[in-house]
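Q: need the 3D shape of this:
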Amino acid sequence: MSPFDLPPDLRSRLRRLSLTPRAAAVLNGDGHHASRNRGGAMEFAQYRAYERGDDLRRIDWKLYSRSDKFFVRDAERESPVAIWVVLDASASMGQTDLAKPSWTRFDAARRLTAAIIEVALQQGDRFGVIVAQAEGAIVLPPSSDSRHRDRIRLALGPLRPESVPQWERDLKLLGERIAPGDLAIFISDGFDDTCVAAAERLAASGRDVSFVQLLTGDERDFPFDRSLLFRDPESDIALAGDGRGLRADFLTRFAEARAALRARLEAKGARFVEHFSDRDPDQPIQDLSRPATRG
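A: Numbering: from 1, shown residues only. The predicted structure follows:
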């Protein structure tokens, strides 16, 4: 299955979720951000096929009488908010699990990106993507057009994680592209300190930053029970060891490192959530809706 193919049950759960910048209350006195809200009182935009969970009041019954099919009317206004996904395409994002060697961390990152886009579309917000790569960042500017989802899919589909992005080089670009009222969601394994530092500096500049640390199931469970050679795909450093003997110490130290990363980012006011490549992407989106702790 493609990372961009979201099953119907997942789409149904995503319809109950939202992503709201913490500055939203400034944009609209009722506490909700002034998005491209869809509703009957606004300028008509388009028809689309009815989907389970849509408001029945938006069904065009005259069109139903002519076509015998359900369609809803979408109306919209331009949103001042853009939801940016900042996607880490470093070599370590190519990590897989033993149980599913064809599914990489980068695949899971693209699926989470697709899920975030679905939420942005249903909110009527603009959405864009910045892919951090060694040779230079790819920028897909924000739009609220549903066709933009397809453009992003075509751009991300052939990408493969490799080398190490130059986060310090790209920090200026991030600051220029991501406006103070936007929401920036980093998706990364969090293993590159310069990536974390970029998220910190963006948050310190007043941007609304969230950081999703994307880990594999094997990193979470460390199920290895035999001698293996562990290799860092970015530095090519290798370590031989007995999986069973290393397990307890690894899990303890890895938990400490994850807790330290959470504390570091939350001290800068960034939201921090964990996501695992063998799980569905609706849970981290739900976690992102919770307020961050400011240090």
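Q: after the longest helix along the chain, next one along is what?
A: Determined from DSSP state H, the single longest helix within the chain is helix 243-266. The element immediately downstream of helix 243-266 (helix or strand, assigned by DSSP states H and E) is strand 271-276.
Q: how far does the helix or strand following that next one sit from the chain's center?
A: Using DSSP H and E, the helix or strand that follows strand 271-276 in sequence is helix 282-288. In terms of C-alpha atoms, centre = their mean, to the nearest Å, the centre of helix 282-288 is found 9 Å from the chain centre.
Q: can you give the contact residues for helix 282-288?
A: Outside helix 282-288, the residues that touch it by C-beta atoms under 8 Å, 6 or more residues apart in numbering are 10, 13-14, 17, 19, 112, 115-116, 119, 185, 210, 212, 271, 273-275. No exception for glycine: its C-beta is placed from N, CA and C like everyone else's.
Q: please apply the same query to stretch 109-118.
A: By C-beta under 8 Å, 6+ apart, the residues outside stretch 109-118 that reach it are 3-4, 6, 10-11, 14, 19, 83, 85, 87-88, 93, 127, 129, 149, 152-153, 156, 185, 187-188, 212, 214, 275, 281-282, 284-285.
Q: so which of those are in helices?
A: Leu10, Arg11, Leu14, Arg149, Ile152, Arg153, Leu156, Asp282, Pro284, Ile285.
Q: got the contact list for Thr194?
A: With C-beta under 8 Å, 6+ apart, Thr194 has these contacts: Gln166, Trp167, Glu168.
Q: switch the cut-off to 6 Å
A: Trp167, Glu168 (C-beta atoms under 6 Å, 6 or more residues apart in numbering).
Q: local confidence estimate at Arg48?
A: Predicted confidence (pLDDT) at Arg48: the value is 72.
Q: so where does it fall, helix or strand?
A: Applying DSSP H and E, one finds Arg48 within strand 44-49.
Q: cool, Arg201 as well?
A: Going by DSSP H and E, Arg201 is part of helix 193-204.
Q: residues of that helix that come out buried?
A: Within helix 193-204, the residues that count as buried by 16 or more other C-beta atoms under 10 Å are Cys195, Val196, Ala198, Ala199, Glu200, Arg201, Leu202, Ala203.
Q: now the first one: how far from Leu171?
A: Put plainly, it is Cys195. Look at Cys195 and Leu171: by C-beta to C-beta, to the nearest Å, they are 10 Å apart.
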